[in-house]
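# fold the following for me, if possible:
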Amino acid sequence: MSDAIDTVREARNLLERIAAKLPGFRGYLERELRRETDQSLREGLAGRLDACRDRVSGYTRGLSLGSGGELQRARALDLALDAAAVALRHAGSGYAGYFDAFKVGEEQLAELYHHDLGLVESVEAIEAVSAALGERGEALSHLESAVSGIRAQIDSRPGVVRSAFGEAR
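The predicted model follows:
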């Protein structure tokens, strides 16, 4: 994740670089940088889930009408993937604003990053399983399990964020 932060940091314009030298303003810019990186990560993951939805749709088109149970499962997967992508896109960023009273330490940020890394790994697993749809009979079950798992991770993210800011989960 630090590579993404470094990339965004390098893309700042001249005015932002000058303002970063002002006392107190640098911390604000760093938090904004983290927010932008967080949003970029979540948007990228959501886009990858959309691509998995496309694979599920392609798999569904290849099913015969006699595969009613499988059609229903594939449709439910399509809806679950869509819901997960929407939840990622619209989740709040996990970093305090300039005037917030909360201070987030490196340990708390590491917990947030660890959780986000878990999301990345879950999306990678979903991509791998969705690519195997139709090749293996158990792929649909594995995909259902993986999508259920990422949804739980997404739903637990606000608790991880609250924990980082010292609030009860």
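# so where do the strands sit in the chain?
Read by DSSP state E, the chain holds no strands at all.
# top helix in it by residue count?
helix 25-61 (DSSP state H).
# any idea of the mean pLDDT in it?
Mean per-residue pLDDT for helix 25-61: 82.
# tell me which residues of that helix are tucked away?
By 16 or more other C-beta atoms under 10 Å, the buried positions in helix 25-61 come out as 29, 31-38, 41-42, 45-46, 48-49, 52-53, 55-56, 59-60. From N, CA and C alone the C-beta is placed, and that goes for glycine too.
# now swap in stretch 126-139 and tell me
126-127, 129-130, 132-133, 139.
# send me that stretch as PDB with only the CA atoms.
What follows is stretch 126-139, C-alpha atoms only, in PDB (Å, rounded to 0.1, in the frame of the first residue of the first chain):
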ATOM      1  CA  ILE A 126     -12.600 -14.400  -6.300                       C
ATOM      2  CA  GLU A 127     -10.900 -13.600  -9.600                       C
ATOM      3  CA  ALA A 128      -9.200 -17.000  -9.700                       C
ATOM      4  CA  VAL A 129     -12.300 -18.900  -8.900                       C
ATOM      5  CA  SER A 130     -14.500 -17.000 -11.300                       C
ATOM      6  CA  ALA A 131     -12.000 -17.600 -14.000                       C
ATOM      7  CA  ALA A 132     -12.500 -21.400 -13.400                       C
ATOM      8  CA  LEU A 133     -16.300 -21.300 -13.700                       C
ATOM      9  CA  GLY A 134     -17.400 -24.000 -16.100                       C
ATOM     10  CA  GLU A 135     -14.100 -25.800 -15.900                       C
ATOM     11  CA  ARG A 136     -14.700 -27.300 -12.500                       C
ATOM     12  CA  GLY A 137     -18.000 -28.500 -11.000                       C
ATOM     13  CA  GLU A 138     -17.200 -27.200  -7.500                       C
ATOM     14  CA  ALA A 139     -16.200 -23.700  -8.800                       C
END
